[in-house]
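**Student:** Using only what follows, build the 3D model:
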Amino acid sequence: MIELQQVSKRFGKKEVLCGISCRIAANLTTCVLGPSGVGKSVLLKLITGLLRPDSGRILIEGEDLFGMSRSKMRAWRNSFGMLFQDGALFDSQTVAENVAFPVQHHGTLTDGELQRRVDEVLELVGLPGCGDLMPDELSGGMRKRVGLARAIVLRPRLLLFDEPNSGLDPLMADTIDQLILEMKERLGITFLIISHDIVGTLRIADVIGLLDGGRLVSYLPREEFVSSSDERVRRFLARDLYRPNWKGTASFLGT
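**Tutor:** Next comes the predicted model:
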């Protein structure tokens, strides 16, 4: 679906990403891990076409993203949904209006169809009957779920998540993870998720990458990633030892 070939990006003298190469396969959940400041959000902006790489290529179904015509670039951007860290809701609009916004922008449904679609996705994310609420009446977890509903309302092929569990308590983080798993099964959506959350990643990922110092130092199926002998991977995974009530990655996977 998406292929990065030796992609690099710098801002001024600072090289944020260096020689990133990987393939993001359709119908899988790919998670890119890494601490803050290693270029994870920049990677998303490159894939969405909001930033242009200084070198390397990004291929979408084999076609260079930055060689596309305007119409093809527009079609690519219309094919994915995006969930931001804080939900990025419009505070002056109701929940239903926030969720409906992408559809209204594209003008693809009648009013009746739009209402049914909004009700459908709100129920899917566990918020039936919440359409008339305002964002300031929502908890952090509810705001995140409204953002998720908005991201899927156009039935995208791909969902891009920027730290989906950021700022959530463990119970709500688990709820978001379960929603991701359900949507993958029910809707057949491909997920690309950037995160620093090891626990959530191990719940939902098919493929895991690790960014370290601007380089993609590992990119493997989940089980291979967890058993990797790479010292950088081992060091990052060792962070779970400091989490209360967490028994370690091997225990989590039943190995």
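**Student:** Report the backbone C-alpha coordinates of whichever strand or helix holds Leu46 in CSV.
**Tutor:** Using DSSP states H and E, the element containing Leu46 is helix 40-47. Extracted in CSV, the C-alpha atoms of helix 40-47 (Å, rounded to 0.1, in the frame of the first residue of the first chain):
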residue,chain,number,x,y,z
LYS,A,40,7.3,10.1,14.5
SER,A,41,4.9,12.9,13.8
VAL,A,42,7.1,14.1,11.0
LEU,A,43,6.8,10.7,9.4
LEU,A,44,3.0,11.0,9.4
LYS,A,45,3.2,14.4,7.8
LEU,A,46,5.4,13.0,5.1
ILE,A,47,3.0,10.2,4.3
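**Student:** What residues of it count as buried?
**Tutor:** 40-44, 46-47 (16 or more other C-beta atoms under 10 Å). The C-beta positions use only the backbone N, C-alpha and C, and glycine is treated the same way.
**Student:** Can you tell me the SS state at the spatially most central residue of the chain?
**Tutor:** Geometric centre of the chain, nearest residue: Phe161, 1.9 Å, by C-alpha atoms, centre = their mean. Under DSSP: H, G, I helix; E, B strand; the rest coil, Phe161 falls in the strand class.
**Student:** do the one 4 residues further on as well
**Tutor:** When classified by three-state DSSP, Asn165 comes out as coil.
**Student:** Tell me how far it lies from Val32.
**Tutor:** Look at Asn165 and Val32: by C-beta to C-beta, to the nearest Å, they are 14 Å apart.
**Student:** one step back: could you export the buried residues of helix 40-47 as CSV, including distance to Phe90 and pLDDT?
**Tutor:** Below are the buried residues of helix 40-47 laid out as CSV (distance: C-beta to C-beta, whole Å; pLDDT from 0 to 100):
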residue, distance to Phe90, pLDDT
Lys40, 25, 90
Ser41, 21, 90
Val42, 25, 94
Leu43, 26, 95
Leu44, 21, 93
Leu46, 26, 96
Ile47, 25, 95
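**Student:** how about those in TSV, adding distance to Ala25?
**Tutor:** TSV is the format used below for those (distance: C-beta to C-beta, whole Å):
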residue	distance to Ala25
Lys40	19
Ser41	22
Val42	22
Leu43	16
Leu44	17
Leu46	18
Ile47	14
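**Student:** what about the helices in the stretch 101-250 of the chain?
**Tutor:** Using DSSP state H, counting those that start in this stretch, the helices found in the stretch 101-250 of the chain span residues 111-124, 140-152, 170-187, 198-204, 222-226, 231-237, 249-253.
**Student:** could those helices go into CSV alongside mean neighbour count, distance to Leu59 and mean pLDDT?
**Tutor:** Shown next, in CSV, are those (neighbours: other C-beta atoms under 10 Å; distance: least, C-beta to C-beta, whole Å; pLDDT from 0 to 100):
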stretch, mean neighbour count, distance to Leu59, mean pLDDT
helix 111-124, 16, 30, 93
helix 140-152, 24, 23, 91
helix 170-187, 16, 23, 88
helix 198-204, 21, 25, 91
helix 222-226, 18, 24, 96
helix 231-237, 15, 26, 91
helix 249-253, 14, 32, 50
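**Student:** Got the domain ranges for the chain?
**Tutor:** As given by the TED database, the domain ranges for the chain are 1-79+158-246, 87-156.
**Student:** Flag the shaky bits of the stretch 1-150 of the chain, pLDDT-wise.
**Tutor:** For the stretch 1-150 of the chain, residues meeting the criterion pLDDT under 70 lie at 85-87, 107.
**Student:** Recalculate using a threshold of 80.
**Tutor:** For the stretch 1-150 of the chain, applying pLDDT under 80 flags the ranges 37, 84-88, 105-109.
**Student:** Kindly tell me how buried the residue lying closest to Gly200 once chain neighbours are set aside is, as a neighbour count.
**Tutor:** Leaving out its chain neighbours, the residue that sits closest to Gly200 by C-beta to C-beta, 6 or more residues apart in numbering is Asn165, at 4.9 Å. Neighbour count of Asn165, defined by other C-beta atoms under 10 Å: 27.
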